[in-house]
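In: Fold the following, please.
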Amino acid sequence: MEDNTVQEKNNEVDSEDKQDSSQLNQNEISDEEESADRLERKLKDAYGKQDDLQNKYLRVHADLENIKKRAIKEREDAVQRTRSQIIGDLLPIIDSFKMGLTEASKHESAKTYVEGFSMAMSLMQSTLNEYGLHVIESTSKPFDPKIHDAISYEHDESIEKDIVINTVREGYKLGDKLLRPATVILSKGKKENT
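Out: This is a model prediction of the structure:
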């Protein structure tokens with residue numbers, strides 16, 4: 001009988017060992033699952049941070065490119081403003097030279113001076129043209145308030161109404177920008193008999 005009791009006790013111990021072993025295995029599996037879950041969460045967090053940093057990098061890079069473009073544009077605008085101002089300041093000098101040449105050409109004794117100044121004026125005009133300065137052609141053109149400044153009207157039988165008869169002072173454009181409108185006299189058309 002003692003053998004039976006010992007056997008039963010051994011069976012009980014084996015059964016308890018199996019239960020303990022089974023419980024240990026379940027605990028180990030549970031710990032491994034928790035570890036895997038923690039690692040997976042950490043991995044997702046790391047990927048999320050990487051995506052966030054990537055987005056921040058792309059935004060900063062785009063901002064930097066925009067700053068570069070804006071700086072280039074501002075520099076070009078500053079150059080254009082300076083050029084406009086300098087050339088605008090030269091326009092009255094050009095007008096004075098042209099008037100002087102027109103008056104001097106009326107005198108035969110000043111012929112050599114007129115030729116010399118005409119060559120200098122042509123050189124200055126071609127240099128300014130290279131920088132984008134262009135004369136607004138006005139005579140015999142329709143009146144355009146965007147580029148013309150009308151100072152008077154005259155009757156002219158042969159020219160339609162609102163056509164430029166005479167340019168008093170030339171207008172200039174620098175590229176597409178108006179530097180100075182042309183001062184013009186317009187046709188009133190035919191005289192109406194009343």
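In: Let me know the pLDDT of Ile67.
Out: pLDDT, Ile67: 95.
In: just the one 5 residues further on next, same as before
Out: The predicted structure scores Ile72 at 96 on the pLDDT scale.
In: Let me see the backbone angles for Leu174.
Out: phi -110, psi 100 (degrees, to the nearest 10).
In: Off-centre distance for the helix or strand of the chain with the lowest mean pLDDT?
Out: Every helix and strand of the chain was ranked by mean pLDDT, DSSP states H and E. The lowest is helix 2-104, at a mean of 80. Distance, stretch centre to chain centre, for helix 2-104: 28 Å (Cα atoms, centre = their mean, to the nearest Å).
In: Which residues belonging to the helix or strand just after that helix are considered buried?
Out: For helix 2-104, the following helix or strand on the C-terminal side (DSSP states H and E) is helix 111-130. Neighbour-count burial for helix 111-130 flags Val114, Phe117, Leu128 (criterion: 16 or more other Cβ atoms under 10 Å). Glycine gets a C-beta too; all of them are placed from N, C-alpha and C.
In: Looks to me like Lys173 is in a strand.
Out: Yes. Counting by DSSP: H, G, I helix; E, B strand; the rest coil, Lys173 is part of a strand.
In: Show me the beta-bridge partners of it.
Out: Lys173 has these beta-bridge partners by DSSP bridges: His134, Leu178.
In: Could you pull up the contacting residues of it?
Out: Shown in contact with Lys173 (Cβ atoms under 8 Å, 6 or more residues apart in numbering): Leu133, His134, Ile136, Ile147, Leu179.
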